[in-house]
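>>> sequence unknown, structure follows:
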Ligand code: BES
Ligand code: MN
Ligand code: ZN
C-alpha cells in the first residue's frame, strides 16, 4: 500500500470524508455533499449511519462528482477524535475498499486532524492493508486487493510528511512481526528465523547469533533442554540498536520464540495444535520493535534477545521429571514439558541481565493458556516488580490501541513452584492462577532489575478481530505498545 500526503485541492477520484456523532458532517463532508447535490445527506437518511467512530457508509458513483465512490466515515465525538480514533477510522475505510475494485482513495482530514493525526491515519491504512498471500497460488483477480494507494489529505502536507517519518517504521515493524507469526513452522525453524534476523543488519541493527555449542558453554541447560527433541538447532539472537548516548543503559526486550510447541513428551491434544506455529509471537514482537526503532532512529539504546527453539517429542526429547541446570545455576525439575516457554525465558532473561546491565527488562511471551481464561483476547497480561513500568505500559497500551492489564505477583504464589528435589519446578499446584505461577517462575531469573513480563497468549493471534487494524491471525501485538512506551517515556 502506497501512503502519501497532499493538500485536499490536489486530489481527484474516490474520496473519504469524516462525520461525527449524530451523523453531523465535517466541513469536508459538507463540501463534497454540496458538490454532488446532497447525495451524501440522502444516503445517510436512507441508512443507519450515525457517525460513530469506526462506522462507514459507501456512496457509489454520485452524480456531479468525478469519483467512483465517496465513503463517509465516523469519528464519533469530535472532542475525543484524537490520533488513535483517526488511525482506527482510516483503517476501517481501507478495510472497506481493499477488495472493492477501487484502486486509490483520498482521505480528507483537513480541519479534523493535526500532522500527528494525519500520520496516524497513514499507519491505520497500512495496518489494515496487511495481507499474507505469499503461499496462495490460485487467488483469482477478484479476490486480490485492488486498493493500491491511500492519500491522506491534510492542510499541512509538509508537517504530515515529517510526522510520517516516525510512524511508517511502526507499520514496517508490525508487518515484520505479523509475517513471522503467520509463517508456518516448516519454513520458520530456529535457524531459518536467525537467518532472517541477520538481514536486519541492513536496517542498521547489530545482529549476533548464538548456536547450541555457544549456549552450552554459557550453561543454558534450561533453554537447551526444550530444543533437545528437535532436529532443528536452537538459536539465540541478539539485536542491538545504539541510538542513545554512549553510556546510557540499554532498554532490554526478551522474546519467547518457540517456533512450534507440540508440548514435547507432555504432548498437546491434536485438535487446533497448528496454532502453536504462533508460539514465537513474543520474539516476533521484539524483532518488529527493533526494526521500528532503527527505522525511526529512536534516541535510545535498545537490545532485543530472542530465544528460538522448537519443542518436539522424540527419542532424544526431555522427559517429565528431568532436572536441568539453568545458566543462573538454579536447578529446575521439568514436571511438564509443555511448560517450555518459561524454560526458554529463564536462560534468555538471565543472560540478558548478566551481559547487558539493562535499565529494565521487558519480556513478551505466548506463555499460558490461562491468560486467555483471565483476560480473553482484549488485554495482554502484565506482571511486574516495578510500579512505574507497569503504569507506563498501561498508559502506552491505551494510547497505542494494544491494551494491557496488570495481574499480581507475591510470595504465596511463588511458593507453589518450590520443588522437593530441585530449586524449583516448572509448573504450579494444579490449574489455579496458571499465568501468575508462570510469571513467578520468570521472576526467579531477574534478580532485582526492574522487569515486566507481558503474557500475549491471548493477543498474538486472533481467528477474527473486530479491529480493522488487525488481520485475521497474527496480529503483531506488542510492537505498537512498546514503540509507544519508548516514545513517550524514554526519548524525552
Ligand atoms: N504456548 C503455550 C501457551 C499457549 C496456550 C499460548 C494457548 C497460546 C494459546 C505454553 O507453552 C503452554 O503450553 N502452557 C501450558 C502450561 C501448563 C503446562 C502449565 C498451558 O498454558 O497449558
Ligand atoms: Mn507449551
Ligand atoms: Zn509454548
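Yes, it's here. This structure is a prediction, so every number in the text was calculated from the model and none was measured. Ligands and ions are numbered 1, 2, ... in the order given.
>>> In the chain, where's the longest helix?
Longest helix in the chain by number of residues, with DSSP state H as the criterion: helix 157-182.
>>> quick one: buried residues of that one?
By neighbour count on 16 or more other CB atoms under 10 Å, the buried set for helix 157-182 is 157, 159-161, 163-164, 166-182. Every residue, glycine included, has its C-beta placed from N, CA and C.
>>> same deal with stretch 378-390?
Per 16+ other CB under 10 Å, stretch 378-390 contains these buried residues: 379-385, 389-390.
>>> now swap in stretch 281-299 and tell me
Buried, per 16+ other CB under 10 Å, within stretch 281-299: 281-296, 298.
>>> Those residues in strands, which ones?
Residues of the buried residues of stretch 281-299 located in strands (DSSP state E): none.
>>> count of residues packed around the closest residue to ligand 1 within the stretch 251-400 of the chain?
The stretch 251-400 of the chain approaches ligand 1 most closely through residue 369 (3.4 Å), counting by CB to the nearest ligand atom. Using other CB atoms under 10 Å, the number of residues around residue 369 comes to 14.
>>> next one: residue 139
Residue 139, neighbours per other CB under 10 Å, totals 11.
>>> Skipping its backbone neighbours, what lies nearest residue 173 in space?
Nearest residue to residue 173, sequence neighbours excluded (CB to CB, 6 or more residues apart in numbering): residue 292, at 3.2 Å.
>>> contacting residues for that neighbour?
Neighbouring residues of residue 292 by CB atoms under 8 Å, 6 or more residues apart in numbering: 169-170, 172-174, 298, 479, 483.
>>> Kindly report the same for residue 122.
Neighbours of residue 122 in contact, by CB under 8 Å, 6+ apart: 3, 5, 90, 150, 152, 164, 167-168, 171.
>>> interface residues of this protein facing ligand 2?
Residues of the chain lying near ligand 2 by CB under 5 Å from the ion: 261, 338, 340.
>>> Near ligand 3, which residues of this structure are found?
Counting by CB under 5 Å from the ion, the chain sits next to ligand 3 at 258, 261, 279, 341.
>>> change it to 6 Å
By CB under 6 Å from the ion, the residues of the chain that approach ligand 3 are 258, 261, 279, 340-341.
>>> Give me the phi and psi for residue 230.
phi -100, psi 150 (degrees, to the nearest 10).
>>> Please, which helix or strand holds the closest residue to ligand 2 within the stretch 101-250 of the chain?
Per CB to the ion, residue 226 is where the stretch 101-250 of the chain lies closest to ligand 2, at 9.2 Å. Residue 226 is part of helix 221-227, with elements assigned from DSSP states H and E.
>>> just checking, next helix/strand downstream of that helix?
strand 235-242.
>>> Each with direction, which strands does that following strand pair with?
Strand 235-242 pairs in its sheet with strand 206-210 (antiparallel), strand 301-311 (antiparallel), by DSSP bridges.
>>> Which stretch among the ones you listed is buried most, on average?
Mean neighbour count (mean count of other CB atoms under 10 Å) peaks for strand 301-311 among those, with a mean of 29.
>>> Now the helix or strand following that strand: average pLDDT?
Counting by DSSP H and E, the next helix or strand C-terminal to strand 301-311 is strand 322-325. Taken as a whole, strand 322-325 has an average pLDDT of 99.
>>> Give the other helices and strands that strand 322-325 contacts.
When contacts are defined as 3 or more CB pairs under 8 Å, 6 or more residues apart in numbering; DSSP states H and E, strand 322-325 packs onto helix 221-227, strand 331-334.
>>> The shortest one near ligand 1 at all?
No. Judged by CB under 6 Å from any ligand atom, strand 331-334 makes no contact with ligand 1; its nearest approach is 10.7 Å.
>>> That strand pairs with which strands, and in what direction?
Sheet pairing of strand 331-334 (DSSP bridges) gives strand 322-325 (antiparallel), strand 424-425 (parallel).
>>> any low-confidence regions in the stretch 351-492 of the chain?
Counting by pLDDT under 70, the stretch 351-492 of the chain contains no low-confidence segment.
>>> residue ranges for the strands of it, please.
Secondary structure of the stretch 351-492 of the chain by DSSP state E, counting those that start in this stretch: the strands cover 360-365, 380-384, 404-406, 424-425, 451-455, 461-462, 473-474.
>>> what angle sits between the strand or helix carrying residue 128 and helix 157-182?
Taking DSSP H and E as the definition, residue 128 sits inside helix 115-129. Here helix 115-129 runs at an angle of 30 degrees relative to helix 157-182 (axes from the mean of the first three to the mean of the last three CA atoms, to 10 degrees).
>>> What's the separation between residue 201 and ligand 3?
Distance, residue 201 to ligand 3, using CB to the ion, to the nearest Å: 29 Å.
>>> Also residue 255?
When residue 255 is compared with ligand 3 (using CB to the ion), they lie 12 Å apart.
>>> Nearest spatial neighbour of that residue, chain-adjacent residues omitted?
Counting by CB to CB, 6+ apart, the residue nearest residue 255 is residue 283, at 3.3 Å.
>>> Do I have it right that that neighbour meets residue 289?
No. Using CB atoms under 8 Å, residue 283 is not in contact with residue 289, being 10.6 Å away.
>>> residues contacting residue 490?
Counting by CB under 8 Å, 6+ apart, residue 490 makes contact with 251, 300.
>>> now do residue 435
367-368, 370-371, 374, 381, 383, 407, 455.
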